[in-house]
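# Predicted coordinates and the sequence they were generated for:
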Amino acid sequence: MASSQKNLSDYSESNITDVSSRKFAIVVSEWNEEVTESLFSGAVETLKNHGVPKENIIRKNVPGSFELSIGAQWMAEKKEIDAVICIGCVIQGETKHFDFICDAVANGITNVSLKYNKPVIFGVLTPNNQKQALDRAGGKHGNKGDEAAITAVKMLGF
Ligand code: DLZ
C-alpha cells in the first residue's frame, strides 16, 4: 500500500518481545536536518515506549545518507549493539544524486545487516519534495521514524 494511503505510525503490535535490555544504535544523516531530526525523535519515542532506557540508545550522526552504510557498519560491528536504525531523507532533485544515493544506501545497509547478522533498518525517506517528507516525519502520514524503530524491535523478537 502506498504510504499516502497509510499512516506510517499505525503499525501492528504483534510479535513484540521484551527489548528493555537490548541496545540500539541510531545513525542519523544531517542532510535535510529538519526531517531527520523529527524521524530520530519518533524512533527514540517508540523505543522508549517499548521499554528501552535512554542509555541503551546510542546516536551517531553522519553528513548525508550516502554515509549511512559506513556509519551502520561502525555500529553493527560493536558486540554490544543488537540493532541499528538508519535515518535519512533523500529528496528527489534534478540531478542524478537521488538514484546514486538511494541505490547505494539500500544496498549498503542490506550488506551490513547480512554481514553482521543483525537487523539494520532502512529508515530513509525518498520523497519527491520537502512537503512529502514532512508529511511522513510527524505530519499527516505519521512518522517513518516510529516505523523504523518498531521494525527493529520486531526483528529482535524473530
Ligand atoms: C549530495 C547530496 C544531495 C544532492 N542530496 C542529498 C539528499 O537529498 N539527502 C541526503 O541525505 N544527502 C544528500 N546529499 C549528500 C550525500 O548523501 C553525501 O553526503 C555526499 O554526496 C558526500 O558523500
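Thanks, I have it.

# can you pull up the bridge partners for the spatially most central residue of the chain?
What sits nearest the mean C-alpha location of the chain, by CA atoms, centre = their mean, is residue 123, with 2.7 Å. Note on residue 123: beta-bridge partners by DSSP bridges are residue 87.

# Would you enumerate the residues in contact with it?
Neighbour list for residue 123: 39, 43, 85, 86, 87, 88, 144, 145, 147, 148, 149 [criterion: CB atoms under 8 Å, 6 or more residues apart in numbering]. Just so you know, the C-beta spots here come from the backbone N, C-alpha and C atoms, and that holds for glycine as well.

# With residue 109 instead?
Residue 109 touches 68, 69, 72, 86, 120, 121, 122, counting by CB under 8 Å, 6+ apart.

# Which residue comes closest to the last one once chain neighbours are left out?
The one in question is residue 122. Spatial nearest neighbour of residue 122, excluding adjacent residues (CB to CB, 6 or more residues apart in numbering): residue 109 at 5.5 Å.

# Wondering if the host helix or strand of that neighbour reaches the ligand at all.
Element membership for residue 109 (DSSP states H and E) is helix 97-116. Yes: Helix 97-116 reaches the ligand (CB under 6 Å from any ligand atom) through 97, 101.

# Would you mind listing what in the protein touches the ligand?
Selection of the chain residues close to the ligand by CB under 6 Å from any ligand atom yields 29, 31-32, 63-67, 88-91, 93, 95, 97, 101.

# that older thread, out of the contacts of residue 109, which comes closest to residue 16?
residue 121 (15.2 Å; CB to CB).

# Surely the closest one touches residue 85?
Yes: using CB atoms under 8 Å, residue 121 makes contact with residue 85 at a distance of 4.6 Å.

# any idea how far residue 86 is from the residue nearest to the centre of the chain?
Noted for residue 123: a distance of 6 Å to residue 86, by CB to CB, to the nearest Å.
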